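Visitor: Compute the structure for the input listed below.
(one chain, ligands or ions: 1)
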Amino acid sequence: MERSLFPGYTIGEDSYEDIGNICRRFGSKAVIIGGKKALAAAEQKIKNAMEGSGISSIGTFWYGGEASLENMDMLRPEAEKADMIFSVGGGKAIDTCKVLAHELDKPFFTFPTIASTCAACTSLGIVYHPDGSLREYSFSKVPPNHIFIDTEIIANAPSRYLWAGMGDTMAKYYECTTSSRNDMPLHSDSMGIALSSMCAAPIVRFGEKALRDCERHEVTTELTEVILAIIVSTGFVSNFVQVDYTTGMAHAMYNGFTILPSTEANHHLHGEVVSYGILVMLTVDKQYEERDKIYAFNRSIGLPTCLKDIDAALEDLPAVTDKALKGIDVRVWPYTVDQQMLIDGVMELEEYDRERKS
Ligand SMILES: [Zn+2]
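Guide: Coordinates of the predicted model:
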């Protein structure tokens, strides 16, 4: 037996007004759990929307700062008292509530306050140790019951999250279509692969305008389209496809760069480094037309196009590419990937970048 569940979503500046309509059938008591900044931005608006909706809050709690089992233990007694969990924030706050909800078999609703990942839409939870290092993936087939996307709150969040989120979102299309190239995907994988086209094209089309709008804290059609690509399209792809199709060479390169103190120290974001990885991937794979398109896009909004942009250097490449191949990212790929292939791709891209900038 194979069951597929999909989250619904409500998007708009007044999306929280839909809380009563959507949540009432699951009970009347909600616990609100989130990040500190996220709660500061959204808690009052959620509470205002809950008034007269038939749903009341049994309390608001900080998720603890890390998506750890320790924080889930801390929150469990509160979550047990509620009929449903409202999780408010970015990836880690949402994943904390997600894993807890799975464990307690409670309905859970997500309220993303930034658009940087698809965590608000996915069934997969990522669990960390208290020190921030990766602990495990918490696999599940149960996504959030519904996503409430308040575009006004996201437009008022730092635009840097949206900027990096666009890089991670575009990767979903290129990695998914390339990983699966030599396979014969069946229905669920095929659905995800087909939907992944919604992860790159809208970003390239609307991304530059969306970023400017976010910087001006203005909700526009373009910003809304990009938010939907980052949170909803990518989340659906992730829920549909097997894990090997959700990652690939761009993420392998990202993992490689995580060993560099210079990349870490300059606070380059995940999606930012992934967007550089896409360029390497498209160069290695000789998808030059796409590479040139994404290169131009990255340049237009200041995403990286060369090693220097992520504080890396040629001499780092042996160590970076060694680390890149240690993960599972290119375990399923149309050809065997070796270090030299990645190094050659980076060198070729450096050359292209130099030409374009001279
Ligand atoms: Zn990613």
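
Visitor: For the rest of this, base every contact and every neighbour count on C-alpha atoms.
Guide: OK.

Visitor: Kindly export the host helix or strand of Glu290 (C-alpha atoms) in PDB.
Guide: Per DSSP states H and E, Glu290 falls inside helix 288-301. Only the C-alpha atoms of helix 288-301 are listed here, as PDB (Å, rounded to 0.1, in the frame of the first residue of the first chain):
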ATOM      1  CA  TYR A 288      25.900  25.300 -21.300                       C
ATOM      2  CA  GLU A 289      22.700  27.100 -22.300                       C
ATOM      3  CA  GLU A 290      21.200  26.600 -18.800                       C
ATOM      4  CA  ARG A 291      24.600  27.400 -17.200                       C
ATOM      5  CA  ASP A 292      24.800  30.700 -19.000                       C
ATOM      6  CA  LYS A 293      21.200  31.600 -18.100                       C
ATOM      7  CA  ILE A 294      21.800  30.900 -14.400                       C
ATOM      8  CA  TYR A 295      25.100  32.600 -14.500                       C
ATOM      9  CA  ALA A 296      23.500  35.700 -15.800                       C
ATOM     10  CA  PHE A 297      20.700  35.400 -13.200                       C
ATOM     11  CA  ASN A 298      23.200  35.000 -10.300                       C
ATOM     12  CA  ARG A 299      25.100  38.000 -11.500                       C
ATOM     13  CA  SER A 300      21.900  40.100 -11.700                       C
ATOM     14  CA  ILE A 301      21.200  39.600  -8.000                       C
END
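
Visitor: what about it, distance to the chain center?
Guide: Remark: helix 288-301 is offset 21 Å from the chain centroid, using C-alpha atoms, centre = their mean, to the nearest Å.

Visitor: Give the rounded mean pLDDT of that helix.
Guide: Helix 288-301 comes out with an average pLDDT of 98.

Visitor: helices or strands up against it?
Guide: Using 3 or more C-alpha pairs under 8 Å, 6 or more residues apart in numbering; DSSP states H and E as the contact test, the elements touching helix 288-301 are helix 197-215, helix 270-284.

Visitor: where do the helices sit along the stretch 51-200 of the chain?
Guide: Counting by DSSP state H, counting those that start in this stretch, the stretch 51-200 of the chain has these helices, from start to end: 69-81, 91-104, 151-155, 159-179, 187-195, 197-215.

Visitor: As TSV, those with mean pLDDT would be great.
Guide: TSV is the format used below for those (pLDDT from 0 to 100):
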stretch	mean pLDDT
helix 69-81	97
helix 91-104	96
helix 151-155	98
helix 159-179	97
helix 187-195	97
helix 197-215	98
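
Visitor: Go through the helices and strands packed on helix 288-301 and pick out the most buried.
Guide: helix 270-284 (a mean of 26; mean count of other C-alpha atoms under 10 Å).

Visitor: pLDDT-wise, which helix or strand of this protein ranks last?
Guide: When the helices and strands of the chain are compared on mean pLDDT, DSSP states H and E, helix 261-265 comes out lowest with a mean of 77.

Visitor: neighbouring contacts of that one?
Guide: Identification of contacts with helix 261-265 by C-alpha atoms under 8 Å, 6 or more residues apart in numbering yields 257-258, 310-312.

Visitor: Centre-most residue in this structure?
Guide: Centroid-nearest residue in the chain: Thr117, 2.0 Å away (criterion: C-alpha atoms, centre = their mean).

Visitor: Verify the contact between it and Ala164 for me.
Guide: No. Look at Thr117 against Ala164 with C-alpha atoms under 8 Å: they stay out of range, at 9.1 Å.

Visitor: Just give me the neighbour total for Gly89.
Guide: If you count neighbours by other C-alpha atoms under 10 Å, Gly89 ends up with 26.

Visitor: residues touching it, list them.
Guide: Gly89 neighbours (C-alpha under 8 Å, 6+ apart): 34-35, 37-39, 111-114.

Visitor: go on, Leu75?
Guide: Contacts of Leu75 by C-alpha under 8 Å, 6+ apart are 61, 63.

Visitor: and if we set it to 10 Å?
Guide: Contacts were defined as C-alpha atoms under 10 Å, 6 or more residues apart in numbering; by that measure Leu75 touches 31, 33, 61-64, 69, 96-97, 100.

Visitor: who wins for neighbours among these?
Guide: Cys97 (30 neighbours).

Visitor: ok, for that one, nearest residue in space, not its chain neighbours?
Guide: Ser87 (6.0 Å; C-alpha to C-alpha, 6 or more residues apart in numbering).

Visitor: surely the one you found meets Val31?
Guide: Yes. Counting by C-alpha atoms under 10 Å, Ser87 sits close enough to Val31 to count as a contact (8.4 Å).

Visitor: Okay, domains of the protein per the record?
Guide: Annotated domains of the chain cover 8-155, 159-357 [automatic domain parsing].

Visitor: quick one, what contacts the residue nearest to Cys306 when sequence neighbours are not counted?
Guide: Distances taken as C-alpha to C-alpha, 6+ apart put Glu350 closest to Cys306, at 5.9 Å, once the chain neighbours are dropped. Under the criterion of C-alpha under 10 Å, 6+ apart, the neighbours of Glu350 are 280, 305-308, 314, 344, 356.

Visitor: follow-up on the earlier one: in the sheet, who's paired with the residue nearest to Cys97?
Guide: Beta-bridge pairing of Ser87 under DSSP bridges involves Ile33, Thr110.

Visitor: What are the buried residues along the least confident helix or strand of the chain?
Guide: Thr263 (16 or more other C-alpha atoms under 10 Å).

Visitor: And Val226, its phi and psi?
Guide: For Val226, the backbone dihedrals (degrees, to the nearest 10) come out as phi -70, psi -40.

Visitor: burial of it, as a residue count?
Guide: Residues lying near Val226 (other C-alpha under 10 Å) number 30.
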